[in-house]
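Novice: Sequence and predicted structure below; questions after.
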Amino acid sequence: MKKYISLSVKCPFCGKSLMDGDELLHGEPTIKLNIQTRESRGIIHLCSIYECFDYKTEVALTEKEVVEFVCPHCNKELNTKDVCRICHAPMVSLLLKTGGRVSLCSRTGCANHYVAFEDLSTELQKFYEKYEI
């Protein structure tokens, strides 16, 4: 049976939590971010379960559109200079509360994402303990 992992993330700039316990997806808190497209701006709630690509937003997103992600606390842009290996759009980087980071593609419809640990042995141990893997 596959174990689902709900990730908790924070802003890489201000360190504040990006988790929203009031807005759930699949029974888990969502990752709340501000977004901007060419047409509009608003809020997006991303599913916090790793490998789930569901989200809630009132902003109309078109397929293959690159979206700018912004911290709702400090208003810093979260899109990085790192580019997606699949579609070459900017990656969005968020810090894991357990250590390390999760990166996701800023292009709608692209499923590229990954978790990276800086100190692999220490952070992986914390990750295993937190998620009881």
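Specialist: It's in. Bear in mind the structure is a predicted one, so any value in this text is a computation, not a measurement.
Novice: E129 belongs to a strand?
Specialist: No - under DSSP: H, G, I helix; E, B strand; the rest coil, E129 sits outside any strand and is assigned helix.
Novice: I'd like the distance between it and G99.
Specialist: The spacing between E129 and G99, counted by CB to CB, to the nearest Å, is 11 Å. For glycine as for every other residue, the C-beta is placed from the backbone atoms N, C-alpha and C.
Novice: next one: M19
Specialist: 16 Å.
Novice: between these two, who's got more neighbours?
Specialist: Neighbour count, other CB atoms under 10 Å: between M19 and G99, M19 has more, with 19 against 16.
Novice: So for the closest residue to that one other than its chain neighbours, what's the pLDDT?
Specialist: Distances taken as CB to CB, 6 or more residues apart in numbering place P29 nearest to M19, at 4.7 Å, with adjacent residues excluded. With respect to pLDDT, P29 scores 97.
Novice: Would you agree P29 is in contact with I49?
Specialist: No - with contact defined as CB atoms under 8 Å, P29 does not reach I49; the gap is 10.2 Å.
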